[in-house]
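Visitor: build the 3D model from these lines:
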Amino acid sequence: MKMYHVSAERPCYVELKSSEYDPAKLGADEVLVENDFSVISAGTERAWLMDMNNAHPTYPYCPGYSAAGRVLAVGAQVSSLKVGDRVVNPWGGHRSHNVKKASALFKIEDDAIDLLDASFAHIASFPCLGVRKLRVELGESVMVAGMGILGVFALQFALLSGAIPVLVADLDPVRRDLALKLGATAAFDPSAKDFKDRVLAATGGRGVDGVVEVTGVAVALQQALEYVAYMGRISLLGCTRVSDAAIDFYKFVHCRGVKLIGCHTNTRPKTESRPGEWTEFDDYAAILKLIAAGKLQTRPLISEIVSPENAHAVYARLVECKNPPLGIVFDWRKIR
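Guide: Numbering: from 1, shown residues only. Next up is the predicted model:
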């Protein structure tokens, strides 16, 4: 059978490639998955493709890490999945098919959940972790800095956690408008001269109790340290790519008791969830329940759904555009 995948061949260049696979070679503990959709994580994938700081890709590689599809075949020792089961497929890249261990796939139990929505489950688990680690209490204020795809999910998780007000900051007015439509109390332009004053005013002068810093930009972290409340918390969700600001940690962190919380997905527990830190699979289950209940939205994040045949043009736009589209989804059904 023919399988396709997006391949980053060198910096700033990708193409769609194909290969042949014999299902008869499937291992006893392996599963063959046919993906319907995979979601582009524009910020992360752009950083890797452009070989930014803290990326360090080895070419060629297959970008992407959030997909959903159906089981086509299972190995002789697989009992947790069967042919036809629908699954969340994390860390598989932008591929038409994956051959993976059964333990690496999450079965979607609710047949009412569309695979298009389910393809966001893994990418949504990152901001879910970022908000969980803040340990938000009812009535606390939260700021989400950066309204990319992770930030929009973080906004929704903060609202679901009972935070009020929930503020957001982004340079793009279109993204600020989307945040307001999704329930943000207020949306600010972080480049405005009165940005800090407006954030303080929105919190009655005390500052924000919790911040989800999604941009990974040192200047944004410096701003967060200036508007976060005394003894406040800052969840570092965004991967730092540019360290272009000198931060006075003694003044803004040490003396004010501010907690900086690392939220890389590698900090998750591997086998058992604990308060504030859940496993990936437990987060997938929660995210899918919220989607099914209409409490977590994915469709407003979708900028376009494209055929993988257009991968070269899509990534060329990501490289050229400083403010790339919010959510681009590959529809692998288009090339079957």
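
Visitor: longest strand in the protein, please.
Guide: strand 30-40 (DSSP state E).

Visitor: which other helices and strands does it contact?
Guide: strand 66-74, strand 86-90, strand 97-101, helix 115-118, strand 328-331 (3 or more Cβ pairs under 8 Å, 6 or more residues apart in numbering; DSSP states H and E). (Each C-beta comes from the backbone N, C-alpha and C, glycine too.)

Visitor: tell me the most buried of the ones you listed?
Guide: Sort the helices and strands packed on strand 30-40 by mean neighbour count, taking mean count of other Cβ atoms under 10 Å, and strand 86-90 sits at the top with a mean of 25.

Visitor: quick one, that strand and strand 66-74 angle?
Guide: Using axes from the mean of the first three to the mean of the last three Cα atoms, to 10 degrees, the direction of strand 86-90 lies 120 degrees away from that of strand 66-74.

Visitor: which residues sit against strand 86-90?
Guide: Strand 86-90 is contacted from outside by 33, 35, 65-71, 81, 98, 100, 104-108, 111, 115, 118-119, 121-122, 280, 284, 288, using Cβ atoms under 8 Å, 6 or more residues apart in numbering.

Visitor: for the helix or strand just after the longest strand of the chain, what is the average pLDDT?
Guide: Remark: after strand 30-40, the chain's next helix or strand is helix 42-49, criterion DSSP states H and E. For helix 42-49, mean pLDDT rounds to 87.

Visitor: give the buried residues for helix 42-49.
Guide: Within helix 42-49, the residues scored as buried using 16 or more other Cβ atoms under 10 Å are 42-49.

Visitor: hmm, F330 is touching L16, no?
Guide: No - in this structure, F330 is not within contact of L16 by Cβ atoms under 8 Å, at 9.7 Å.

Visitor: between those two, which contacts overlap?
Guide: With Cβ under 8 Å, 6+ apart, F330 and L16 have common neighbours 6, 308, 311.

Visitor: return the member of these nearest to N53.
Guide: V6 (23.2 Å; Cβ to Cβ).

Visitor: tell me what that closest one is bridged to.
Guide: L16 (DSSP bridges).

Visitor: now do it against N35, distance only.
Guide: Distance of V6 to N35, computed by Cβ to Cβ, to the nearest Å: 12 Å.

Visitor: same deal with A124?
Guide: 17 Å.

Visitor: now do F157
Guide: In terms of Cβ to Cβ, F157 sits 25 Å off from N35.

Visitor: how about A28?
Guide: 22 Å.

Visitor: of the two, which one has the most company?
Guide: Per other Cβ atoms under 10 Å, whichever of A28 and N35 has more neighbours is N35, with 27 against 9.

Visitor: let me see the contact set for the more buried one.
Guide: Contacts of N35 were listed using Cβ under 8 Å, 6+ apart, and they are 67-69, 89, 92, 95-98, 332.

Visitor: if you set the cut-off to 7 Å instead, what comes out?
Guide: Residues near N35 by Cβ atoms under 7 Å, 6 or more residues apart in numbering: 67-69, 89, 95-98, 332.

Visitor: over to R70?
Guide: Counting by Cβ under 7 Å, 6+ apart, R70 has contacts 33-34, 84, 86.

Visitor: between these, which sits nearest V217?
Guide: V33 (35.8 Å).

Visitor: surely L318 meets P324?
Guide: Yes - if you go by Cβ atoms under 7 Å, L318 and P324 touch, sitting 4.9 Å apart.

Visitor: distance of R132 relative to G257?
Guide: 21 Å.

Visitor: export the shared contacts of F330 and L16 to a markdown table and append columns for distance to K181, pLDDT and neighbour count.
Guide: Formatted as a markdown table, the shared contacts of F330 and L16 follow (distance: Cβ to Cβ, whole Å; pLDDT from 0 to 100; neighbours: other Cβ atoms under 10 Å):
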| residue | distance to K181 | pLDDT | neighbour count |
| --- | --- | --- | --- |
| V6 | 31 | 97 | 25 |
| P308 | 30 | 98 | 21 |
| A311 | 30 | 96 | 24 |
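
Visitor: just curious, which of those is nearest to P173?
Guide: A311 (29.2 Å).

Visitor: what sits against the residue nearest to T185 when sequence neighbours are not counted?
Guide: Closest residue to T185 apart from its sequence neighbours, by Cβ to Cβ, 6 or more residues apart in numbering: P165 at 3.5 Å. Listed by Cβ under 7 Å, 6+ apart, the contact partners of P165 are 141, 185-186, 202.

Visitor: the same query, at a cut-off of 10 Å, please.
Guide: Applying Cβ atoms under 10 Å, 6 or more residues apart in numbering to P165 gives the contacts 139-143, 158, 184-186, 199, 202-204, 208.

Visitor: likewise for R336?
Guide: So R336 contacts 2, 4, 34, 36, 96 (Cβ under 10 Å, 6+ apart).

Visitor: just to revisit the earlier point, ok, R132 and G257, which is more surrounded?
Guide: Comparing R132 with G257 by neighbour count (other Cβ under 10 Å), the higher total belongs to R132, at 22 against 11.

Visitor: picking that back up, any chance of the helices and strands packed on strand 30-40 in JSON lines, plus mean pLDDT?
Guide: Formatted as JSON lines, these follow (pLDDT from 0 to 100):
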{"stretch": "strand 66-74", "mean pLDDT": "98"}
{"stretch": "strand 86-90", "mean pLDDT": "98"}
{"stretch": "strand 97-101", "mean pLDDT": "98"}
{"stretch": "helix 115-118", "mean pLDDT": "98"}
{"stretch": "strand 328-331", "mean pLDDT": "98"}
